[in-house]
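Engineer: Here is my input, please return the structure:
(2 chains)
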Amino acid sequence: MADRRLEALQGAGSGRRPRMGDGRLPVDKTSGPPGPARAREMRLEQPSDDDLVAAVATGDEAACRALMDRHLTRMLALARRMLGNQADAEEVAQEVFIRVWTHADRWEPGKAQFGTWLYRVATNLCLDRLRKKRPTDDIDDMPNLASGDPGPDRQFEQRELAARVDAALQELPERQRAAIVLSHYQGLGNIEAADILGVTVEAVESLLSRARRQLRVSLATEKDELLRSKEISAS
Amino acid sequence: MQNEMTIERLREIVEAYGASPARWPEAERPAAEAMLAASAHARALVEDAARFDALLDMAPVEAPSAALTERLVAARPRAAAPLVQPAPDLRARTTRGFFGGLVEAVWPYGSPAFPAGALAAALVMGVALGSTSGISVLDTDNSVAAITDTEAGEGLIALAMADQAWPEEWMQ
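Structural biologist: Predicted coordinates:
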């Protein structure tokens, strides 16, 4: 039943002219870059986010799964980098999609970009959570940035580097962290990031500059380690 | 937005947005890329930023768990039950004709044969009971008086007719 409804949706959406940035995803990155005509054809086969949200409002399971396939991983990654642990990140990602389910019948297509709305909800949920958590932070719970010994195993070394990058991110002030997560990790443009954070594009640039400056200081040792490790693996 | 790109402005862009031109401000991107192609200094800035980007990209990320996906599927909206009953089959109604429609308008709760049968049975039972018990009903000017063979019968009839003259023993 649900599959039939999604199929009907895909058929109905196929006649529409795609809008820029309406959440359509490239279908298959593994089989090499498709030509422009094929890429356009593949986009046309995909229902837009707005189409999927309308189907979600009717209880269409396939549309719910399609919307999650498209956005859940990104929302989870955003929350993971904002909050520094997977359990909290899953809670935030779950809350984001529960809000989608709850508001699906009131979603107005074309009024806002669904993807931008999702990012805004996820970012605000993370910032709220960080503000509530702040007074009870225990210094012992913070990851140790200066845990020097990389160990003999290269895989262990990579994990250690990853943990230290994560810890450096968690040390950033919340809004700087949000800016770098949206810009660097989610790949959003400065205008969209400013819209999500509710600030000007100049303010976004300032947040990003300060964030990267602090990260460079925090990760100066790690940058050298990474360079050494790349030289070793290249030789 | 700036129309001219300087090495200082490119440095600011790279220090804020990193090495990938895709992340640079759209309005300044063409000029910045042109400078990148023309200046070794600009390329050195971007190469250094690219190494730092590679370090940032090591921050861990995990795929959504199957449990999260299933919880969300279970919590999805459900289609609401229709509030309005399906429309009746109008063609079936029209084949009943005028009297069929009239009967359905008077008794819309299914077959009218059942209440009609119950009424007929009650009538037959009443006639049979009346003919065997010897009760007769006489009309008077203002009320109906009943004559029965027994005193208890008189009391019952008086009570049933809401007669004001209650038998005294019933009031005690």
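Engineer: same question for the longest helix along chain B, mean pLDDT?
Structural biologist: The helix of greatest length in chain B, counted in residues with DSSP state H as the criterion, is given as helix B:113-133. The average pLDDT within helix B:113-133 is 74.
Engineer: what does stretch A:69-79 give?
Structural biologist: Per-residue pLDDT values over stretch A:69-79 give a mean of 97.
Engineer: Can you point out the buried residues in it?
Structural biologist: For stretch A:69-79, the neighbour count (16 or more other C-beta atoms under 10 Å in any protein chain shown) marks A:70, A:71, A:72, A:74, A:75, A:76, A:77, A:78, A:79 as buried. C-betas here are computed from N, CA, C, even on glycine.
Engineer: And the helices in chain B?
Structural biologist: All helices of chain B, identified by DSSP H, fall at B:7-17, B:29-38, B:40-56, B:66-74, B:90-94, B:97-106, B:113-133, B:151-160, B:168-171.
Engineer: ok, and which of the buried residues of stretch A:69-79 reach chain B?
Structural biologist: A:72, A:76, A:77 (C-beta under 8 Å from any C-beta of the partner chain).
Engineer: can you put these in JSON lines and add secondary structure?
Structural biologist: As requested, those are arranged in JSON lines below (DSSP: H, G, I helix; E, B strand; the rest coil):
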{"residue": "A:72", "secondary structure": "helix"}
{"residue": "A:76", "secondary structure": "helix"}
{"residue": "A:77", "secondary structure": "helix"}
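Engineer: In the chain, what helix or strand scores lowest on average pLDDT?
Structural biologist: Unless you meant another one, I'm taking chain A. Using mean pLDDT, DSSP states H and E, helix A:2-13 stands out as the lowest-scoring helix or strand of chain A, at a mean of 44.
Engineer: per-domain residue ranges of chain B.
Structural biologist: B:7-56, B:134-167 (automatic domain parsing).
Engineer: By mean pLDDT, show me the worst of those domains.
Structural biologist: Looking at these, the lowest mean pLDDT belongs to domain B:134-167 (a mean of 50).
Engineer: what sits against residue A:98?
Structural biologist: The contact partners of residue A:98, taken as C-beta atoms under 8 Å, 6 or more residues apart in numbering or on different chains, are B:72, B:75.
Engineer: can you count the residues close to residue A:64?
Structural biologist: Other residues near residue A:64 come to 26 when the count uses other C-beta atoms under 10 Å in any protein chain shown.
Engineer: so what's it closest to, chain neighbours aside?
Structural biologist: Nearest residue to residue A:64 in three dimensions, chain neighbours excluded: residue B:76, at 4.4 Å (C-beta to C-beta, 6 or more residues apart in numbering or on different chains).
Engineer: what are the phi and psi angles of the one you found?
Structural biologist: With angles defined as degrees, to the nearest 10, residue B:76 shows backbone torsions of phi -70, psi 160.
Engineer: just residue A:195 next, same as before
Structural biologist: When read as degrees, to the nearest 10, the backbone of residue A:195 gives phi -60, psi -40.
Engineer: Check the gap between the closest residue to it other than its chain neighbours and residue A:196 for me.
Structural biologist: Counting by C-beta to C-beta, 6+ apart, the nearest residue to residue A:195 once its immediate chain neighbours are dropped is residue A:116, at 6.2 Å. As judged by C-beta to C-beta, to the nearest Å, residue A:116 and residue A:196 stand 6 Å apart.
Engineer: higher neighbour count, these two?
Structural biologist: Under the criterion of other C-beta under 10 Å, the comparison of residue A:116 against residue A:196 puts residue A:196 first, with 23 against 16.
Engineer: That one: helix or strand, and which one exactly?
Structural biologist: helix A:190-197 (DSSP states H and E).
Engineer: by how many degrees do that helix and helix B:7-17 diverge?
Structural biologist: What separates the directions of helix A:190-197 and helix B:7-17 is an angle of 40 degrees, with axes from the mean of the first three to the mean of the last three C-alpha atoms, to 10 degrees.
Engineer: For the helix or strand hosting residue A:63, output the C-alpha coordinates as CSV.
Structural biologist: With elements delineated by DSSP H and E, residue A:63 resides in helix A:61-83, which encompasses its position. Presented in CSV, the C-alpha positions along helix A:61-83 are these (Å, rounded to 0.1, in the frame of the first residue of the first chain):
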residue,chain,number,x,y,z
GLU,A,61,5.6,4.6,5.4
ALA,A,62,7.6,4.5,2.2
ALA,A,63,7.6,8.4,2.1
CYS,A,64,8.8,8.4,5.8
ARG,A,65,11.6,6.1,4.9
ALA,A,66,12.6,8.0,1.8
LEU,A,67,12.7,11.3,3.8
MET,A,68,14.9,9.6,6.5
ASP,A,69,17.2,8.1,3.8
ARG,A,70,17.6,11.6,2.4
HIS,A,71,18.2,13.6,5.6
LEU,A,72,18.6,11.4,8.8
THR,A,73,22.4,10.8,8.3
ARG,A,74,23.1,14.5,7.9
MET,A,75,21.0,15.5,10.9
LEU,A,76,22.7,12.8,13.0
ALA,A,77,26.2,14.0,11.8
LEU,A,78,25.3,17.6,12.6
ALA,A,79,24.1,16.6,16.1
ARG,A,80,27.1,14.3,16.7
ARG,A,81,29.6,17.1,15.9
MET,A,82,27.7,19.6,17.9
LEU,A,83,27.1,17.4,21.0
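Engineer: and the angle from it to helix B:66-74?
Structural biologist: Orientation note: helix A:61-83 sits at an angle of 130 degrees relative to helix B:66-74 (the same axes, to 10 degrees).
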